[in-house]
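Engineer: Give the three-dimensional model of this entry:
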Amino acid sequence: MTRFSTLLTRAAGAILLASMLVLAGCHRGDTKVSTDQMKGQFDMTIQAYKSGQFLVDGAALSALDTGSHFAYLKDQGRLPKTVLLTRSDDSKIRKQHLEFMARMQLDYGFTVYYDDKGTLKRMNAVETKARDLEDYHAPVQSNDEMKGKEAGSSPTGRGY
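Structural biologist: Residues are numbered from 1 along each chain as shown. Prediction:
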């Protein structure tokens, strides 16, 4: 039977422990993946745009119009299973974008992934507060005083 010296056994144990600590320190649960490499893995890619809008196939759409686009795709039987949300040249991904995408994920049943500073994350629609879809241009509310008046009328009614 071969006996190993205690110094050799202790050194091997220390090397094993050190390598385990190094490997454990490298992995923190996050996976850094370049989204440019992953774009081909998703059924559809959407970019975040200004004021809660989205760039879908090069067109700037409001959240309501983006939801209508997904409704159309559902009617056509071409609804994507996975959607990647990335930042555009003009805007980063904001909380508003994530809330709109959470609503669409709940409504249409696809899975949304988004780029969070180089880390690809899967959106959890339950944890993200789903926001009602809204149009970008809200209707202008007119003042009660101005209803029924013409642009050229004066307060005295004489026209000058």
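
Engineer: pull the longest helix from the protein.
Structural biologist: helix 6-26 (DSSP state H).

Engineer: quick one: average confidence on that one?
Structural biologist: When pLDDT is averaged over helix 6-26, the result is 73.

Engineer: give the contact list for the closest residue in space to K50 that isn't next to it in sequence.
Structural biologist: Using C-beta to C-beta, 6 or more residues apart in numbering and skipping the chain neighbours, the partner closest in space to K50 is S91 (5.1 Å). For glycine as for every other residue, the C-beta is placed from the backbone atoms N, C-alpha and C. Residues counted as contacts of S91 (C-beta atoms under 8 Å, 6 or more residues apart in numbering) are A48, Y49, K50.

Engineer: Buried subset of those as a ChimeraX selection?
Structural biologist: Selection of the buried residues among the contacts of S91 in ChimeraX, burial being defined by 16 or more other C-beta atoms under 10 Å:
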select :48,49
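
Engineer: Any chance of the contacts of S91 in TSV with distance to V112 and pLDDT as columns?
Structural biologist: TSV is the format used below for the contacts of S91 (distance: C-beta to C-beta, whole Å; pLDDT from 0 to 100):
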residue	distance to V112	pLDDT
A48	12	89
Y49	16	90
K50	20	87
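
Engineer: Tabulate the contacts of S91 (a markdown table), appending secondary structure and distance to L73.
Structural biologist: Below are those laid out as a markdown table (DSSP: H, G, I helix; E, B strand; the rest coil; distance: C-beta to C-beta, whole Å):
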| residue | secondary structure | distance to L73 |
| --- | --- | --- |
| A48 | strand | 19 |
| Y49 | coil | 19 |
| K50 | helix | 24 |
